[in-house]
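1. just to be clear, the model below is a prediction. Sequence and coordinates:
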Amino acid sequence: MLGVVVVLLMSLAAIFARPIVIGGIPVQPFGIAPHDPTTILYLGADPSAGVYDPPSTDYPMGTDNSGRDLFSRVLYGGRYSISIGFIVIAINATIGAVYGAVSGYYGGWVDEIMMRIVDTIFAFPFLILALIIIAVLGSSYWNLVLAFTLFGWAGYGRLVRGEVLSIKENEYVLAAKALGARDRSVIFKHIIPNAMPPLLVLATLGIGTTVIGVAALGFLGLGLGPGTAEWGTMLDATRETLIQGPEGQIPWWATVFPGGAIFLFVMAMNLIGDGVNDALDAQETGIGKQGGGA
Amino acid sequence: MSLRRFILNRILSIIPILFGVSVITFGLVHLTPGDPISQMVALNPDAGPNEEAQLRARYGLDGPVWEQYLTWMGNVLTGDFGEVIRTNRDVGSIIVARLPATIALGVFGWAFGLAIAIPTGIYAAVHKNELGDDLSRLLALSGISIPNFWLGLMLILFGALWLGLWPVLAPSRLPLYHPEMLWYLILPGLTIGTGAAAGIMRVMRTSMGEEMNKEYVTAARAKGLPERQVILKHVLRNSLISVVTLAATLTAGIVSGSVVVEVVFNWPGLGREFIQAIDGREVNMIMAITLFTGVFIIVANLLADITYAILDPRIRYD
């Protein structure tokens, strides 16, 4: 439950950090972040603010390498990673579900070829593929989504296929077929809904992985442009300060807070995944296993 | 199925996958324009279409895509990965030079993972649902959730800047096999090993828990064997088999982790080379490292499968 609360709070913070205006119409008018994440404070709002100011009552997380309010940037930063995480997983789970269902349902050589393709994709770490895709296409919000979906569905495909193999032996599937149901309706009405629970667990865990992946690309300088208030990009900007602090003082806050935000969000997401997994396990065995925590 | 047939079958089954891996590697890099040749031509106003054509011919970047693929594959199969276009250095020899540093990181990561995960796994299984078990669960979950680049930065912050135990970056003057390098390997090694440790911990805990409930354990206890011997000799041995199935996945994780960790610590391995190649659009280098990674993971998978079949003969009859 703690996980759900943290994920909700952080997502809401990202949404309400600054007003959202689409085509001149304010869709979301609130701005809870104290400053604009891109405003350089000493240029206007507060001439006394500097670059890498330590946390203070005015700036609870200090300021960053360009003298921007870090707290506002950390709140706002979730917009990119979190939204990309959810979009990517929705696409991957959908493609994977259809792919796996078709592969498992038809079996035979169709299954053989489709699973060889999945095996091939599995031979590459997903970060390496994403890096190449971004290097080739250039980085933008939707290219990041593409980088994590072009091959990212493979894991979901394999999982659903495994589920389908056991589901299709069920009598209700045979009954549906005997009654003359078409393949498409059997797959979408009977097979995919029954393969949902494990897919849900994998998807929950996948959101955390994607958020880390997006931030990793940002950290490697292949995310959104430098200066964007995205968690990984913020860490990239501050890396040099660790190797060579300005005037010997180390602005630890610029490293601790953005990274801490990623960690907190992913941890919360994984807690939810674990919780869902436990709940489903208990449901499937039919007996609420004692201990609950196991 | 005999073990020999099983192994032969598995080896044959990876051939189409190897082919697929080479197609994906090549396709990804070549589907869009913007290779170093067009950049070189754009930077040099004297270079006309003639010079460009010559350059392309020299690096095998002319002709239709499938022809380029065949040329590239032919060269790769004879061990020729081409040159780094900007510096004319041989890609193969750079990889050979960078590989040991990455292997050292990976081995350290694996060793660290096992050293942490096996004792905590045993502890968690023996003390199921006690405080220590909950703590180890939380620890494993944190290890999976922590972004490795941030962990690396935090280790630099604590270990190098606040405690002053390490220099921020390993000195580049020492050769890799110098004993002192072991000390500098610790921070990047911990960073890369944390994910593996967390993964093994979770699997160990589950599989130990499952093994503990089996009949042979009850039988061993009934025979009057001391609990210590039951756990260490029987349960642990069988649980470790399930770690083998995890080996390939974790190795893939370590490989992609090395890209990030080597950048954080400026570690002179393949991962850092890969990022530099990406920045410079060095297609030959990108393809060589990607292909190498893919083949490496396929082989790791194959070895894990074979080890598993040797340890657990039931698998072969599937």
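-> Nice, I can see it.
2. wait, isn't residue A:101 in contact with residue A:194?
-> No. With contacts counted by CB atoms under 8 Å, residue A:101 stays clear of residue A:194, the gap being 10.2 Å. For every residue, glycine as well, the C-beta is placed using N, CA and C.
3. mind checking which of those two has more residues around it?
-> residue A:101 (23 against 16; other CB atoms under 10 Å in any protein chain shown).
4. from residue B:156, how far off is the more buried one?
-> Distance from residue A:101 to residue B:156, counting by CB to CB, to the nearest Å: 47 Å.
5. residues in contact with the residue in the stretch 151-294 of chain A positioned nearest to chain B?
-> Chain B sits closest to residue A:259 of the stretch 151-294 of chain A, with a gap of 3.2 Å, by CB to the nearest CB. Neighbouring residues of residue A:259 by CB atoms under 8 Å, 6 or more residues apart in numbering or on different chains: A:231, A:235, B:147, B:149, B:150, B:153, B:154.
6. same question, residue B:243
-> By CB under 8 Å, 6+ apart, the residues touching residue B:243 are B:114, B:200, B:203, B:204, B:207.
7. what's the farthest-apart pair in the residues you listed?
-> Using CB to CB, the two most remote members of these are B:114 and B:207, lying 14.4 Å apart.
8. more neighbours: which of the two?
-> Using other CB under 10 Å as the criterion, residue B:114 and residue B:207 rank with residue B:207 on top: 22 against 18.
9. if I look at that one, how far off is residue B:115?
-> 18 Å.
10. in the stretch 151-300 of chain B, where is pLDDT below threshold?
-> Low-confidence segments of the stretch 151-300 of chain B (pLDDT under 70): B:168, B:170-177.
11. repeat the analysis, applying 90 as the threshold.
-> Scanning the stretch 151-300 of chain B for pLDDT under 90 picks out the ranges B:152-190, B:195-259, B:263-269, B:276-287, B:294-300.
12. find the closest residue to chain A in it.
-> For the stretch 151-300 of chain B, CB to the nearest CB, closest residue to chain A: residue B:256, 3.3 Å.
13. circling back to that earlier point, so which of the contacts of residue B:243 belong to helices?
-> Among the contacts of residue B:243, the subset assigned to helices under DSSP state H consists of B:114, B:200, B:203, B:204, B:207.
14. run a quick neighbour tally on residue B:96.
-> Residue B:96: 10 neighbours (other CB under 10 Å).
15. what helix or strand is it on?
-> Using DSSP states H and E, residue B:96 sits in helix B:91-126.
16. by contact count, what packs against that helix?
-> helix B:131-145, helix B:181-212, helix B:236-265, helix B:270-280, helix B:283-311 (3 or more CB pairs under 8 Å, 6 or more residues apart in numbering or on different chains; DSSP states H and E).
17. of those, which is nearest residue A:127?
-> Of all the helices and strands packed on helix B:91-126, helix B:236-265 comes closest under CB to CB, at 4.1 Å.
18. restrict stretch A:80-99 to CA atoms and write it as CSV.
-> Output of stretch A:80-99 as CSV, limited to C-alpha atoms (Å, rounded to 0.1, in the frame of the first residue of the first chain):
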residue,chain,number,x,y,z
TYR,A,80,9.2,12.7,-18.5
SER,A,81,10.3,9.5,-16.9
ILE,A,82,7.0,8.5,-15.3
SER,A,83,4.8,9.3,-18.3
ILE,A,84,7.2,7.5,-20.7
GLY,A,85,7.2,4.6,-18.3
PHE,A,86,3.5,4.2,-18.4
ILE,A,87,3.1,4.8,-22.1
VAL,A,88,5.9,2.3,-23.0
ILE,A,89,4.5,-0.4,-20.8
ALA,A,90,1.0,0.0,-22.1
ILE,A,91,2.2,-0.4,-25.7
ASN,A,92,4.6,-3.3,-24.9
ALA,A,93,2.0,-5.2,-22.9
THR,A,94,-0.6,-4.7,-25.7
ILE,A,95,1.7,-5.9,-28.5
GLY,A,96,3.1,-8.6,-26.3
ALA,A,97,-0.3,-9.9,-25.4
VAL,A,98,-1.4,-10.2,-29.0
TYR,A,99,1.9,-11.6,-30.2
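19. stretch B:211-220 and chain A in contact?
-> No. Stretch B:211-220 lies out of reach of chain A by CB under 8 Å from any CB of the partner chain, never closer than 11.8 Å.
20. output that stretch as PDB - backbone C-alpha positions only.
-> The C-alpha trace of stretch B:211-220 is given here as PDB (Å, rounded to 0.1, in the frame of the first residue of the first chain):
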ATOM      1  CA  GLU B 211      13.300 -27.100  -1.200                       C
ATOM      2  CA  MET B 212      12.800 -26.900   2.600                       C
ATOM      3  CA  ASN B 213       9.300 -28.300   2.300                       C
ATOM      4  CA  LYS B 214      10.300 -31.300   0.300                       C
ATOM      5  CA  GLU B 215      10.200 -34.800   1.500                       C
ATOM      6  CA  TYR B 216      13.900 -35.600   1.300                       C
ATOM      7  CA  VAL B 217      14.500 -32.800   3.800                       C
ATOM      8  CA  THR B 218      12.000 -34.300   6.200                       C
ATOM      9  CA  ALA B 219      13.700 -37.700   5.600                       C
ATOM     10  CA  ALA B 220      17.100 -36.300   6.300                       C
END
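21. any idea how many residues pack against residue B:237?
-> By other CB under 10 Å, neighbour count at residue B:237 equals 11.
22. that one and residue B:311, how far apart?
-> Here the distance between residue B:237 and residue B:311 works out to 9 Å (CB to CB).
23. for residue A:230, same thing?
-> For residue A:230, the distance to residue B:311 - CB to CB - is 45 Å.
24. those two: who's more crowded?
-> Of the pair residue A:230 and residue B:311, residue A:230 is the one with more neighbours under other CB under 10 Å, namely 28 against 14.
25. mind checking how far the residue nearest to residue B:185 when sequence neighbours are not counted is from residue A:79?
-> Among residues not flanking residue B:185 along the chain, residue B:108 sits closest, at 5.5 Å (CB to CB, 6 or more residues apart in numbering or on different chains). Look at residue B:108 and residue A:79: by CB to CB, they are 37 Å apart.
26. ditto for residue B:223
-> 62 Å.
27. higher neighbour count, the two?
-> Remark: of residue B:223 and residue A:79, residue A:79 carries more neighbours, 20 against 8, as counted by other CB under 10 Å.
28. let me know the next secondary structure element after the host helix or strand of the more buried one.
-> Element membership of residue A:79, judged by DSSP H and E, is helix A:70-106. As assigned by DSSP H and E, the chain's next helix or strand after helix A:70-106 is helix A:108-122.
29. count the neighbours of the residue of the stretch 51-200 of chain B found nearest chain A for me.
-> Proximity of the stretch 51-200 of chain B to chain A (CB to the nearest CB) peaks at residue B:150, 3.2 Å away. Applying other CB under 10 Å, we find 27 residues neighbouring residue B:150.
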